[in-house]
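Asks: no sequence on hand, only this structure:
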């Protein structure tokens with residue numbers, strides 16, 4: 001017994017008859033309590049030096065790694081009216097499968113023969129352009145003929161000018177000869193008159209010499225007239241050469257002007273043909289847009305526009321499609337104070353909604369039901385709730401993510417940071433300090449060196 005009372009029962013009760021008294025009296029309670037407390041203290045101290053993995057917790061949602069693998073809505077490029085549906089919600093469609101058919105609602109495209117009529121306009125314009133091209137060729141041939149004729153005419157006029165100059169030279173020589181003959185005839189007449197007066201010549205000889213003088217004078221006047229006529233012909237040849245150049249210059253200018261007018265008309269027609277061809281292609285493409293096609297393989301999840309005869313606008317959403325093949329990822333949202341602690345390639349652990357898990361955030365190796373990932377993208381701007389979006393893809397070296405996960409499911413993630421002792425983590429939490437900043441690449445290098 002403890003014997004804490006002044007009234008002892010050792011003289012009144014025979015304690016040897018009872019085993020309980022012997023067991024109680026034989027125990028050393030104070031020593032046992034001290035050993036227990038000491039053991040707890042040692043266990044606590046040892047626990048304080050166990051490594052603890054710092055982490056950042058964040059809530060996220062399952063999405064896809066590539067933008068083209070995320071759920072999308074199919075839009076109508078043109079306005080129209082729903083005429084027929086070819087699918088229903090939940091159907092699987094391949095790329096290019098028809099989802100629905102719409103009809104035209106704009107009066108500019110009501111003509112059922114719109115493509116044929118536009119094609120006829122294009123052919124008519126092409127024939128017009130061919131006519132202009134032929135006219136241009138004819139004018140070019142005409143210009144070449146005029147240039148050749150001008151060359152020949154100028155050459156002919158030059159030859160005539162040379163002939164006129166030679167004729168003037170010849171006539172001038174004949175005129176000079178006639179002048180010489182006339183001068184000789186005058187001297188001979190003077191000598192004949194003198195001889196006649198002296199009686200040495202007869203009157204007949206004098207009259208004959210007078211007649212020769214008159215004949216020489218007549219020839220002189222004739223050659224002078226001929227020389228003047230040759231000079232006039234020379235002047236006419238020069239004038240004709242100048243007039244040929246001016247005449248053909250006007251003709252060539254007129255033909256060139258007509259040629260440029262034909263070229264301008266041809267170019268304008270070509271512009272009109274291009275516009276009509278553009279319209280034809282637009283009409284052709286618009287005709288193909290009456291059938292709304294699936295952009296990729298996937299499942300029809302929701303029909304946004306319903307019914308028959310409902311009118312839709314350009315760019316209106318019609319149905320939503322979930323791609324059949326996709327690479328899963330998780331988008332997490334972290335606080336701005338935690339962003340400097342994260343970088344690409346850093347490890348992240350996830351617990352998905354609907355999958356049982358036992359989480360030891362400080363000891364990820366002993367956690368159950370968690371899946372690994374690595375950061376592949378970090379946004380540089382905040383969302384509406386002032387958080388940064390982090391995109392995490394599955395880790396290649398970890399357990400594959402469950403195949404039954406659907407896009408949009410919730411996920412609780414914690415990014416693994418530096419390994420520190422538990423006492424340091426408690427001290428940090430009590431003082432409200434943030435987790436230690438470190439470089440993941442340096443950490444991996446140090447881990448490899450330690451191994």
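Replies: Ah, there it is. All values derive from a computational prediction rather than experimental measurement.

Asks: shaky segments in the chain?
Replies: 1-30, 52, 357-369, 418-419, 432-451 (pLDDT under 70).

Asks: domain map for it?
Replies: 1-48, 52-68+326-450, 71-104+290-323, 114-288 (automatic domain parsing).

Asks: for those, give me TSV that also has mean neighbour count.
Replies: From N, CA and C alone the C-beta is placed, and that goes for glycine too. Formatted as TSV, the domains of the chain follow (neighbours: other Cβ atoms under 10 Å):
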stretch	mean neighbour count
domain 1-48	10
domain 52-68+326-450	15
domain 71-104+290-323	15
domain 114-288	15
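
Asks: now do the helices in the stretch 1-150 of the chain.
Replies: 19-26, 29-48, 114-197 (DSSP state H, counting those that start in this stretch).

Asks: quick check: phi and psi at residue 49.
Replies: For residue 49, the backbone dihedrals (degrees, to the nearest 10) come out as phi -100, psi 10.

Asks: no no, residue 77
Replies: Here is the backbone geometry of residue 77 (degrees, to the nearest 10): phi -70, psi -30.

Asks: surely it touches residue 315?
Replies: Yes: Residue 77 is in contact with residue 315 according to Cβ atoms under 8 Å; the separation is 7.4 Å.

Asks: kindly indicate whether residue 301 is helix, strand or coil.
Replies: With DSSP: H, G, I helix; E, B strand; the rest coil as the basis, residue 301 sits in strand.

Asks: in contact with it, which residues?
Replies: Residues near residue 301 by Cβ atoms under 8 Å, 6 or more residues apart in numbering: 71, 89, 90, 319, 320, 321, 322.

Asks: switch those residues over to JSON lines; also include distance to residue 396.
Replies: Formatted as JSON lines, the contacts of residue 301 follow (distance: Cβ to Cβ, whole Å):
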{"residue": "71", "distance to residue 396": "25"}
{"residue": "89", "distance to residue 396": "36"}
{"residue": "90", "distance to residue 396": "33"}
{"residue": "319", "distance to residue 396": "35"}
{"residue": "320", "distance to residue 396": "31"}
{"residue": "321", "distance to residue 396": "29"}
{"residue": "322", "distance to residue 396": "25"}
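
Asks: of these, which belong to strands?
Replies: Judged by DSSP state E, these include 319, 320, 321, 322 as members of strands.

Asks: among the residues you listed, which one lies nearest to residue 427?
Replies: residue 322 (48.6 Å; Cβ to Cβ).

Asks: identify the bridge partners of that closest one.
Replies: On the basis of DSSP bridges, residue 322 is bridged to residue 299.

Asks: wait, doesn't it sit right on residue 294?
Replies: No: counting by Cβ under 8 Å, residue 322 does not reach residue 294; the two are 11.5 Å apart.

Asks: who touches both of those two?
Replies: By Cβ under 8 Å, 6+ apart, residue 322 and residue 294 have no common neighbours.

Asks: can you tell me which strand in this structure is longest?
Replies: Longest strand in the chain by number of residues (criterion: DSSP E): strand 51-64.

Asks: name the helices or strands packed onto that strand?
Replies: Secondary-structure packing of strand 51-64 (3 or more Cβ pairs under 8 Å, 6 or more residues apart in numbering; DSSP states H and E): strand 328-334, strand 347-352, strand 388-394, strand 410-421, helix 422-431.

Asks: out of the ones you listed, which gets nearest to residue 51?
Replies: Distance to residue 51, taken as Cβ to Cβ, is lowest for strand 410-421 among the helices and strands packed on strand 51-64, at 4.7 Å.

Asks: what lies in contact with that closest one?
Replies: With Cβ under 8 Å, 6+ apart as the test, strand 410-421 has contacts from 48-62, 330, 332, 334, 341-342, 346-353, 359, 361, 364, 373, 375, 390, 392, 428, 435-436, 438, 443.

Asks: then stretch 279-295?
Replies: Residues contacting stretch 279-295 (Cβ under 8 Å, 6+ apart): 72, 74, 76-78, 80, 93-104, 109, 114-115, 118-119, 122, 318, 321.
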